[in-house]
Every structure is written in structure tokens, then in C-alpha cells.
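> Predicted structure and sequence below. I'll ask about it afterward.
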Amino acid sequence: MNQYDLAIIGAGPAGMAAAIMAVAHGAKTCIIDEQPAPGGQIYRALQQCDKQRGEILGNDYLHGRSLIENLTTLDADKLFGASVWRIDTSGEITYSREGNAQQITAKHIIIASGALERACPLPGWTLPGVMTVGAAQILMKSSGLFTVNAVLAGSGPLLYTVAAQLLNAGCPPRAIIDTQQLKNYFSAATHPNAAFSNVATLNKGIRYLRQIKKAGVPFYSGATQLHIKGDPEVEVISFQCRGKSHHIETSNVLLHQGVVPNTQLTRSLRLQHQWNNQQRCFHPTTDPWGIASSENISIAGDGRSIGGAINAEAEGSLVALGALEKLNLLTVAHRNKQAKSYKKTLKKEAGLRRFLDALYPVPTELIDPADSTIVCRCEEVTAGDIRSLVPAGCTGPNQTKAFSRCGMGPCQGRFCGLIVTEILAAANQLTPDQVGAYRIRSPIKPVTLAELASLATTDTADSP
Ligand SMILES: Cc1cc2nc3c(=O)[nH]c(=O)nc-3n(C[C@H](O)[C@H](O)[C@H](O)COP(=O)(O)OP(=O)(O)OC[C@H]3O[C@@H](n4cnc5c(N)ncnc54)[C@H](O)[C@@H]3O)c2cc1C
């Protein structure tokens, strides 16, 4: 079993920046990612991107090039195509790669596992032909496939980014149904300083909206009561906008309502988490250096709290400095000195995030779905099913598993977890923190018997 000073899970901007910082200070480092190459969500498949695809995906995407180049030449072990399915607080990491399970140990672990798109439980969201905008973007980045004639529905920066990328690719969306309400602009206006601290990002958003308007893509703002219908696949999306009912025929719907921290690994470690009422999600509790409630585990990037790619990169460096000090590879004075410029970036990005959180709150319809709407898509459990469990004594997400199999499918509650918490909190008149979240157990990813057996073979081979 290979042993390291530092193991980093996730090779997005946070994980890559952390690895670069760790190696610069002499830490024996390993970085692991289930993707075949570094980049994370934002810089996915950047190494295989040609000029044309680069022009379609834009400068924010190409920005990751130097980070990836630095990682590629780094004197660290890089395990790509390696999916981590168990971590122990002792520092043991178990992952599967090419059909074999393997283990490494590290004195300190940085979890930089990023974000997931928030699930959008609305009527018809499980029909074939419905994806998230992030899924459509993964197809663009990794395979050069562009969704044609798509209706984009929801809100948030990624929705407009993907709309602009589809336009650049010559695949204009059929329509954009924006669920953002006018009142959100007033809430966001209470954070003017936060907004103006990062004018370049604001201008980018305005540019995307202008591009969409100029291209003549029908844009419905303030939409409510979204409903997708079709049999056996999507045929129409209906909604209310400014007092009128609308129906758009389509075979492709792309949904989006922001991203939330991917807490599967941090939950499986039984680390402390807390509810963020503005972003309506749980995130792990950490100290200012990203150190979690178990002191040999740190967390960086969107998996710690949603902050965006620039934030993730700066945080990766900062959290690595904190870990290096814990490993006695850096003095407190050196750590603090080097942290200054990253702290400055983080302060600027935090300001922008407050503004964006106020501008794009999660719509009530998603937090409180209609009884007939499927919430757990793996086991087809509806919001009404979950509410009906409450009088029978179901107070938290873990009981829903026993009562209904909710959260017991292959995704292990990754998608439905937050909404199950919200529904139970409302029904039991408790806060999400009081209701809690699914108890996540390893393996956090589906593992085959052959993979488990390969672990036993390794053990036997190593034993005297
Ligand atoms: C689908 C999607 C698309 C996005 N597109 C954009 C965009 O175009 N522009 C933008 O500004 N922001 C985008 N974002 C937001 C963006 O992800 C972040 O702001 C930024 O990438 C966060 O960086 P990070 O390093 O924290 O995490 P990420 O970049 O998400 O990197 C996390 C990495 O951890 C790996 N990982 C997770 N769990 C495991 C495991 N168990 N085993 C092994 N590896 C694991 C993942 O494969 C991933 O590569 C997107 C988010 C999502 C979910």
C-alpha cells in the first residue's frame, strides 16, 4: 500500500491547486480523480479540446489550461479513472480503477470532490429527453455533442453559460424558461458592494443575456408551475408566465437550479455538517484553513461551500497551506504569509457569491413539490409518499429508507437527499439541521464483487 503525506481527492481547480502547492513544499503527494484526465467539472476534457471547441466553450473554460499543464508536469502520483468509494479517518483510501480495488494511505487527506447539480423535482422531470444543463455540457466537453432544439428551464449562471455555448455551437436553444422572479433583483440589490467588487463576472453574465436576446431565443422570465409532459418521452413543457399559460413542444428539456456541495465522502466519514439557509444545502463544518471536524481531513472547493471555480482554485492553495502546516512542512508564520493573496481572492469571490445567492434563490416549488411529483427517481418515491410517512413516525431521511426504500437506489440519495430533508422538515415543523441527512455508508459508489475480490487478492499476496 503506497503511503503519502497528502492525498487529494478530486482534480478540479481546488484539487489541482492544492496538489501544486503541496509538491512545492516537499509533500509526498497523490491526487485521485474518477475522470480520465484532470480538470474537474469546469475544465473537463480540456486537454483534448481543439480550437473550434475552445471557441464554443469560451475563455472561462480555456482558463484552466495553465493549471492542468502545471499538474501534468508535477512530481506527484496522479491516479485518473480512479473512483474513491471509501475513506477512513485513519487515512486509508480505497478506490477502484480499471476493475480493481486498491488502497493507499495518507497522513492528511484533502477532499476536493466538488459540486453536484441540484435535483429539480417537478412533474415530468424523470421522462426520457430531460437532462440537466450540466449533463448537456458534459456531452459538449467530453464528446463534442450538442443538444439541438433544447428548452432550457430554471435559473442560475450555468443556465446562461450553457445557452451561450449552444449558440456558439450553432445549436440555438428553442426557448429559455427562467424561473427567477423580479423580487430577487431587489434582494440582490441589497448587496451592491458585493456585486461591484467583481464587475468582470457581472459583465460576463450581462454579455450572455445580451447574446441570448440578440439571437432571438424566446426568453420567458418569472416563470412558475413548470410541468413536463409526454408519453413515452418528453413532448411538451408547460408553465405560467405573467398570468398566461404557455406550452412549448420539444423533445429536449435541460433543467438547472444551481449546484450544491457533493457531501457523499464527507458524510461517509461522519464529519460535522451544517445547513446553509441561503444556498439551501448542507456543507461540511470546517475551520478557516478548511480543516474538518476530524483534524487529518481538510475540504476545499465547491465540496466545502459553493463559491465557483476561481474561489475553488484559491481555496485549494489555501487549504493545502493549512494541511502543510499540520504536517509540519510549513511554519505557522510561513503559512500565514503565503496565504495572504489567496485570502484576498476568496474575500472578493465571497462578496460575489452573496449577490448571486440573493439573485438566484431556490424556487419554493422545488423545495415543496406537489404530492404526485417523484422525488427519489431511483426508487420512484413521490413527495406525497414521503409526506404520508410522517404521521407513521418518520422524522428523518434515514427512516424513509425503511418505510419506503427512498434513497436506497444506485445514487444513494445524492440527488433526492436535500429535497427529502426539506419535505420532512416542513412536515415535522423542524429545521433542516434538526431533520438531518441520509447516513451515507461506504461503498459510496457501486462496486462489483470482482473489485472487492481483487482487494482480498492483494491482501493475500501481501501477507507472509
Ligand atoms: C455539471 C457541472 C458543470 C459545471 N460547469 C461549469 C462551467 O461551465 N463554468 C463554471 O464556472 N462553473 C461550472 N460548474 C461549477 C464548477 O464545478 C465549480 O465552480 C468548480 O469546478 C469547482 O471546482 P472544484 O475543484 O471544487 O470541483 P470540481 O471541478 O467539481 O472537481 C471535483 C472533482 O472531484 C472528482 N470526484 C468527486 N468524487 C470523487 C470520488 N469519489 N472519487 C474520485 N474522484 C471524485 C470529480 O470527478 C471532479 O473531477 C459546473 C458544475 C457542475 C456540477
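Looks like it came in fine. Keep in mind that this is a model prediction, so the values were computed, not measured.

> tell me which parts of the stretch 151-300 of the chain are close to the ligand?
158, 161, 259, 262, 265 (C-beta under 6 Å from any ligand atom). Quick note: C-beta positions are derived from backbone N, CA and C, even for glycine.

> What about those, which one has the most neighbours?
For those, the largest neighbour count, defined by other C-beta atoms under 10 Å, is 26 neighbours, found at L265.

> could you point out which element follows the helix or strand containing it?
If you go by DSSP states H and E, L265 is part of helix 264-268. Following helix 264-268 in sequence order, the next helix or strand is strand 273-276 (DSSP H and E).

> partner strands of that next one, parallel or antiparallel?
strand 281-284 (antiparallel) (DSSP bridges).

> Do a quick rundown of the helices in the stretch 1-150 of the chain.
13-24, 51-57, 59-62, 65-72, 133-143 (DSSP state H, counting those that start in this stretch).

> Now those helices in CSV, please, with extra columns for mean neighbour count.
CSV is the format used below for those (neighbours: other C-beta atoms under 10 Å):
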stretch, mean neighbour count
helix 13-24, 28
helix 51-57, 16
helix 59-62, 16
helix 65-72, 16
helix 133-143, 19
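
> Would you mind putting the ones you listed into CSV with distance to the ligand alongside?
Below are these laid out as CSV (distance: least, C-beta to the nearest ligand atom, whole Å):
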stretch, distance to the ligand
helix 13-24, 3
helix 51-57, 8
helix 59-62, 6
helix 65-72, 10
helix 133-143, 3
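
> And the ones you listed: which comes nearest Q211?
Within the helices of the stretch 1-150 of the chain, the stretch nearest Q211 is helix 51-57; the backing value is 12.6 Å (C-beta to C-beta).

> Who are the packing partners of that closest one?
Packing partners of helix 51-57 (3 or more C-beta pairs under 8 Å, 6 or more residues apart in numbering; DSSP states H and E): helix 133-143, helix 157-168.

> neighbours of the residue nearest to V148 when sequence neighbours are not counted, just the number please.
Among residues not flanking V148 along the chain, C171 sits closest, at 5.1 Å (C-beta to C-beta, 6 or more residues apart in numbering). Using other C-beta under 10 Å, C171 is surrounded by 18 other residues.

> how about the longest helix anywhere in the chain: buried residues?
Identified as the longest helix of the chain according to DSSP state H is helix 332-359. The neighbour-count check on helix 332-359 (16 or more other C-beta atoms under 10 Å) flags 335, 338-339, 342, 345-346, 348-349, 351-359 as buried.

> From the contact counts, what lies against the helix holding L265?
strand 82-87.

> What's the mean pLDDT across the strand it packs on?
Average pLDDT, strand 82-87: 97.

> Can you give the strand pairings for it, parallel or anti for each?
strand 92-97 (antiparallel).

> Using PDB, list the CA coordinates for the partner strand.
Written as PDB, here are the backbone C-alpha positions of strand 92-97 (Å, rounded to 0.1, in the frame of the first residue of the first chain):
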ATOM      1  CA  GLU A  92      -6.800   4.800   4.300                       C
ATOM      2  CA  ILE A  93      -8.400   5.500   0.900                       C
ATOM      3  CA  THR A  94     -10.000   2.700  -1.200                       C
ATOM      4  CA  TYR A  95     -10.700   3.200  -4.800                       C
ATOM      5  CA  SER A  96     -11.500   1.200  -7.900                       C
ATOM      6  CA  ARG A  97      -9.500   1.600 -11.100                       C
END
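
> chain center to it, what's the gap?
21 Å (C-alpha atoms, centre = their mean, to the nearest Å).

> just to revisit the earlier point, what's the closest of the helices of the stretch 1-150 of the chain to I110?
Per C-beta to C-beta, nearest to I110 of the helices of the stretch 1-150 of the chain: helix 13-24, 5.1 Å.

> Show me what that closest one is packed against.
Using 3+ C-beta pairs under 8 Å, 6+ apart, helix 13-24 sits against strand 2-9, strand 29-33, helix 65-72, helix 309-326.

> mind putting those in JSON lines, mean pLDDT included?
JSON lines is the format used below for those (pLDDT from 0 to 100):
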{"stretch": "strand 2-9", "mean pLDDT": "97"}
{"stretch": "strand 29-33", "mean pLDDT": "98"}
{"stretch": "helix 65-72", "mean pLDDT": "97"}
{"stretch": "helix 309-326", "mean pLDDT": "98"}
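
> Specify the residue ranges that define each domain of this protein.
The chain breaks down by automatic domain parsing into domains covering 2-116+260-330, 119-257, 368-435.

> any idea which of the ones you listed is most buried?
domain 2-116+260-330 (a mean of 21; mean count of other C-beta atoms under 10 Å).
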